[in-house]
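1. Pasted the sequence and its predicted model underneath.
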Amino acid sequence: MAELIAFLARALVDKPDAVSVAQFEEEDGTLVLELTVAEEDVGQVIGRGGRTVSALRQVARASGTKQGRRVLVDVVD
């Protein structure tokens, strides 16, 4: 799942080498993915009105549903 988010984020940014995704699980079984990008690329990942990051979250949620898991995506600045 982290690979999917990293792949999509690398396609959106100017500095794809700076993209990283940290993955950890909360006590209730929720999978949290923390997306880190270069400082100047944060706006591109968030998108106008948050639409791009919302779409990334939707893709992650849909993928998590297939696995029976709850998935959260956070953009770390």
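-> Right, received. Where do you want to start? Residues are numbered from 1 along each chain as shown.

2. Quick one: the helices in the protein, in order.
-> 2-12, 42-46, 51-67 (DSSP state H).

3. closest one to Leu31 among those helices?
-> Nearest to Leu31 among the helices of the chain is helix 51-67; the distance by CB to CB comes to 6.5 Å. Heads up, the C-betas are built off the backbone N, CA and C, glycines and all.

4. how many other residues sit next to the closest residue to Val32 other than its chain neighbours?
-> Leaving aside its sequence neighbours, Val32 sits nearest to Leu72 (CB to CB, 6 or more residues apart in numbering; 4.9 Å). Leu72 has 14 neighbours, counted by other CB atoms under 10 Å.

5. just Val53 next, same as before
-> 19.

6. List the residues that contact it.
-> By CB atoms under 8 Å, 6 or more residues apart in numbering, the contact set of Val53 is 45-47, 73, 75.

7. Is it possible to mark the buried ones in those residues?
-> With neighbours counted by 16 or more other CB atoms under 10 Å, the contacts of Val53 contain buried members at 45-46, 73, 75.

8. which pair in these spans the largest distance?
-> Of all pairs drawn from the buried ones among the contacts of Val53, the widest gap by CB to CB lies between Ile46 and Val73 and measures 11.5 Å.

9. can I get the helices of the chain in CSV with distance to Glu26?
-> CSV is the format used below for the helices of the chain (distance: least, CB to CB, whole Å):
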stretch, distance to Glu26
helix 2-12, 15
helix 42-46, 22
helix 51-67, 13
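
10. what's stretch 33-51 in contact with?
-> By CB under 8 Å, 6+ apart, stretch 33-51 touches 1-2, 5-6, 9, 12-15, 18-24, 52-56, 60, 71-77.

11. Filter those residues down to the buried ones and hand me the PyMOL line.
-> In PyMOL, this line selects whichever of the contacts of stretch 33-51 come out buried by 16+ other CB under 10 Å:
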select buried, resi 1+2+5+6+9+12+13+19+21+52+53+56+60+71+73+75
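
12. Right, I'll call it a day here.
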